[in-house]
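**Q** 3D, please:
(4 chains)
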There are 2 protein chains.
Amino acid sequence: MGDLEVRQLRYFVAVAEELHFTRAADRLGMAQPPLSRAIRELERQLGVRLLDRTTRQVSLTPAGEALLRDARVALDAVTAAARHARHAAEPEPRLRLALKADYDAGLLPRILAAYEEQPAAIPVDLLLGGRGEQAPALRDGRADVALLPAPFDDRGVEFEPLLTEPRLVALAATDPLAARDQVCLADLAGRLLPDGAPADHGDPQPGSAAVAAQRALADSPRMDLAQIFNLIELGRIVWFPPVSVARRHPRPDITYRPVSDLAPSTLVVAWPRDSRSAAVAAMVRAAVAVAAVVPAGPDEQAAMTAAARSRRAAGSPG
Amino acid sequence: MGDLEVRQLRYFVAVAEELHFTRAADRLGMAQPPLSRAIRELERQLGVRLLDRTTRQVSLTPAGEALLRDARVALDAVTAAARHARHAAEPEPRLRLALKADYDAGLLPRILAAYEEQPAAIPVDLLLGGRGEQAPALRDGRADVALLPAPFDDRGVEFEPLLTEPRLVALAATDPLAARDQVCLADLAGRLLPDGAPADHGDPQPGSAAVAAQRALADSPRMDLAQIFNLIELGRIVWFPPVSVARRHPRPDITYRPVSDLAPSTLVVAWPRDSRSAAVAAMVRAAVAVAAVVPAGPDEQAAMTAAARSRRAAGSPG
DNA sequence: CCCGATTGATACCGTCGAGGTATGGGTGAC
DNA sequence: GTCACCCATACCTCGACGGTATCAATCGGG
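**A** Residues are numbered from 1 along each chain as shown, chains lettered A, B, ... in the order given. All right, here's what the predicted structure looks like:
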């Protein structure tokens, strides 16, 4: 009945993600036998089987799936506690704003300017990260506030929409589709992605080959924009940047075209739930105020804004 | 730079709450020297001073206060992970509904009946707890869903209001105020509370002597309703039950009177954020449906309901 | 002003468990 | 059938966690 320990949760998450004791042990920088023993001990403490293992296959039991979900958030909470304690000790506080380079829809300078007008403003550190890194950074305390495109994994995070803009598809100028004024997703089905999988139609779904390729494409530190453009010119990948991102990257050999049936991208400002920081609230206010002077989007944006506003009214910065 | 461990956080929380190493060690069931060393090691790992200690006084630094806040939620998250894993392994799942006895406003039988009509219904366990225990139970996984009066500590918890009802004051029948049709909080100022502190006017505030006395009164396992009524008859304490609670306890020597300027009590149904359980969603639906057939309260209830509804729309059970 | 009580820090020690290495054993691939 | 792969077991070492004894500093009382 003793409490779990962080180390046990880290070990379990590694094994549950790898579904492979040896690889997990390697990732953890330890040998496999102690890891096996630790998992066994964890199962004994919980009185529950977490993994079904044969000598050739490791799979999660329902209890293991539940623990994997919760262990991730628990580990983030512990990491956030440590980070916040270190941060609170700094003599002069700073606001850490996480965002993905170029995906601020051009609002960043105005937002920062508006922020500095606020009485609660403190110096801002910018944390540039890849797609999908902002929300985890909020959860584990690396960042205090973030600008990022929705949808994202908003567990433990509150957000407020700023603006919604359509996404385009980037095509090689020589691509037959580039001659058309507009394309639809079906036109792009079958396109090869970097890993050799055909492009799925529809918005990338979590777990699909398409989203995996999109992530490998847009997130990997190994692939920068130049590489993306090269692959686009070769017709090897599909890429759906918001118009503001496309506008920042005019290139002679790349043509951007509207996609008729592609969901638009919504930029949001997000912060950790239970943030009690006046500086975060000031940044949220500044971002919302700046976005308000931009032409408003369609009904979808209005609905999301209302939802987030009432959520925020229930006791959080704003 | 190594990760924190759960044990370290438990130790720190104990010391931070007691502000006394010896008492904290006693509470933790260990000797004081290892505890001092563990805290020192924690401070070394974080590179931050958490406690200012003289030989006669221990106090929290700002970093310590930040860590205390976060450590509590992190420990709850770890506990919840363990509980959810154990729970998920049970062959036939059960729904654990936490509530405070008598504070269901008489809706519980109808809610349970409506719940059992739902297709996702599973057997329900009732967890009766004192005031303020329901929300922590949701956070650390002891309960899946709760009925409780707002306001409460809603960190990590979502909720939906069910109904709002006025609160009364319970007076000894012989009390001069009992002769009046209605009293106001100022009339009650100065009344002695169990710990000898005078009753504060206004709604109890967290940290005030009044709220401490209210808690000692209503929550302590040592004091049951009979004791409460005895103290009321002696004029020693003030108690503000919602009308539905008062109606359940008619007593010849106790008189209930409206309080003109006392905020009403709102019963809500609450569940952990990120709950993915269909059974929880079904219980929430059942509770809302039952409450909807009860005469609606004033604008306050309408506003809260709208807020919670849009919050729920952003991706949670419902 | 000194003495004792209180309380956190230090010193030292024993034990338990975390992690390493070597090896066994079972399963799927060819 | 043989080989490679991979999880489990056995055994060992060492570090750290916790306990006891003691010191040091501070506050209160006579």
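**Q** find the helix or strand that residue A:169 is a member of.
**A** Per DSSP states H and E, residue A:169 falls inside strand A:168-172.
**Q** strands paired with that strand, and their directions?
**A** strand A:254-258 (antiparallel) (DSSP bridges).
**Q** chain center to the partner strand: distance?
**A** The chain centre lies 25 Å from the centre of strand A:254-258; the measure is Cα atoms, centre = their mean, to the nearest Å.
**Q** pull out the buried residues from that strand.
**A** Buried residues in strand A:254-258, defined by neighbour count with 16 or more other Cβ atoms under 10 Å in any protein chain shown: A:254, A:255, A:256, A:257. Backbone N, C-alpha and C define where each C-beta goes, glycine included.
**Q** and these, which two are furthest apart?
**A** A:254 and A:257 (10.5 Å; Cβ to Cβ).
**Q** overlap of the contact sets of those two?
**A** Residues touching both residue A:254 and residue A:257 (Cβ atoms under 8 Å, 6 or more residues apart in numbering or on different chains) are residue A:171.
**Q** please enumerate residues in contact with stretch A:59-73?
**A** A:9, A:12-13, A:16-17, A:19, A:46, A:48-53, A:139, A:155-156, B:77, B:80-82, B:84-89, B:141, B:274.
**Q** among those residues, which ones are buried?
**A** Neighbour counting with 16+ other Cβ under 10 Å marks A:9, A:12-13, A:16, A:46, A:48, A:50-51, A:53, A:139, A:155-156, B:77, B:80-82, B:84-89, B:141, B:274 as buried within those.
**Q** considering only these, which also neighbour DNA strand C?
**A** With the criterion set as Cβ under 7 Å from any atom of the strand, no member of the buried ones among the contacts of stretch A:59-73 is near DNA strand C.
**Q** restricted to helices, list those.
**A** Of these, the ones assigned to helices by DSSP state H are A:9, A:12-13, A:16, A:46, A:139, B:77, B:80-82, B:84-89.
**Q** for the stretch 1-150 of chain A, which spans come out with low pLDDT?
**A** Flagging of the stretch 1-150 of chain A using pLDDT under 70 yields the residue ranges A:1-2.
**Q** now with 80, please.
**A** Within the stretch 1-150 of chain A, the segments meeting pLDDT under 80 span A:1-2, A:55-56, A:130-132.
**Q** spell out which residues of it are next to chain B.
**A** Residues of the stretch 1-150 of chain A lying close to chain B (Cβ under 8 Å from any Cβ of the partner chain) are A:3-7, A:9-10, A:45-50, A:61-67, A:69-71, A:73-74, A:77-82, A:84-89, A:141.
**Q** the stretch 101-250 of chain A: strands as residue ranges?
**A** For the stretch 101-250 of chain A, applying DSSP state E, counting those that start in this stretch gives strands covering A:124-128, A:145-150, A:157-165, A:168-172.
**Q** off-centre distance for the last one?
**A** The chain centre lies 23 Å from the centre of strand A:168-172; the measure is Cα atoms, centre = their mean.
**Q** that older thread, closest to residue B:134 out of the strands of the stretch 101-250 of chain A?
**A** Nearest to residue B:134 among those is strand A:157-165; the distance by Cβ to Cβ comes to 22.6 Å.
**Q** anything in that closest one near chain B?
**A** No: on the criterion Cβ under 8 Å from any Cβ, strand A:157-165 is out of touch with chain B, staying 8.9 Å away.
**Q** run the angle between that strand and strand A:145-150 for me.
**A** If you take axes from the mean of the first three to the mean of the last three Cα atoms, to 10 degrees, strand A:157-165 sits at 50 degrees to strand A:145-150.
**Q** direction included, what does strand A:157-165 pair up with?
**A** Strand pairing (DSSP bridges) places strand A:157-165 next to strand A:265-272 (antiparallel).
**Q** ok, then the element right after the strand it pairs with?
**A** helix A:278-292.
**Q** what angle do that following helix and strand A:265-272 make?
**A** Helix A:278-292 runs at 160 degrees relative to strand A:265-272, counting by the same axes, to 10 degrees.
**Q** who touches the residue nearest to residue A:169 when sequence neighbours are not counted in this structure?
**A** Nearest residue to residue A:169, sequence neighbours excluded (Cβ to Cβ, 6 or more residues apart in numbering or on different chains): residue A:259, at 5.0 Å. Contacts for residue A:259 (Cβ under 8 Å, 6+ apart) come out as A:166, A:167, A:168, A:169, A:182, A:183, A:184, A:185, A:188, A:240.
**Q** cool, and residue A:258?
**A** Residue A:258 makes contacts with A:166, A:168, A:181, A:182, A:183, as judged by Cβ under 8 Å, 6+ apart.
**Q** same deal with residue A:103?
**A** Residue A:103 sits next to A:131, A:147, A:148, A:149, A:242, A:245, A:267 when contact means Cβ under 8 Å, 6+ apart.
**Q** of all these, which comes closest to DNA strand C?
**A** The closest of the contacts of residue A:103 to DNA strand C turns out to be residue A:131 (Cβ to the nearest atom of the strand; 32.9 Å).
**Q** please verify my assumption that the closest one contacts residue A:100.
**A** Yes: judged on Cβ atoms under 8 Å, residue A:131 makes contact with residue A:100 at a distance of 5.7 Å.
**Q** more neighbours: those two, which one.
**A** Comparing residue A:131 with residue A:100 by other Cβ atoms under 10 Å in any protein chain shown, the one with more neighbours is residue A:100, at 20 against 16.
**Q** tell me how far that one lies from residue A:290.
**A** Counting by Cβ to Cβ, to the nearest Å, the separation of residue A:100 from residue A:290 is 18 Å.
**Q** check residue A:272 too.
**A** For residue A:272, the distance to residue A:290 - Cβ to Cβ - is 21 Å.
**Q** neighbour-wise, which of these two wins?
**A** More neighbours surround residue A:272 than the other of residue A:272 and residue A:290, with 26 against 21 (other Cβ under 10 Å).
**Q** my read: the more buried one touches residue A:156, true?
**A** Yes: at 6.3 Å, residue A:272 counts as touching residue A:156 under the criterion of Cβ under 8 Å.
**Q** now for those two: what residues contact both?
**A** Jointly contacting residue A:272 and residue A:156 under the rule Cβ under 8 Å, 6+ apart are A:138, A:139.
**Q** what's near enough to touch the closest residue to residue A:129 other than its chain neighbours?
**A** Excluding the flanking residues, the one nearest residue A:129 by Cβ to Cβ, 6+ apart is residue A:98, at 5.9 Å. Residue A:98 makes contacts with A:127-129, A:133-134, A:137-138, A:142-143, A:145-148, as judged by Cβ under 8 Å, 6+ apart.
**Q** bridging residues for residue A:98?
**A** Beta-bridge pairing for residue A:98 (DSSP bridges): residue A:127, residue A:146.
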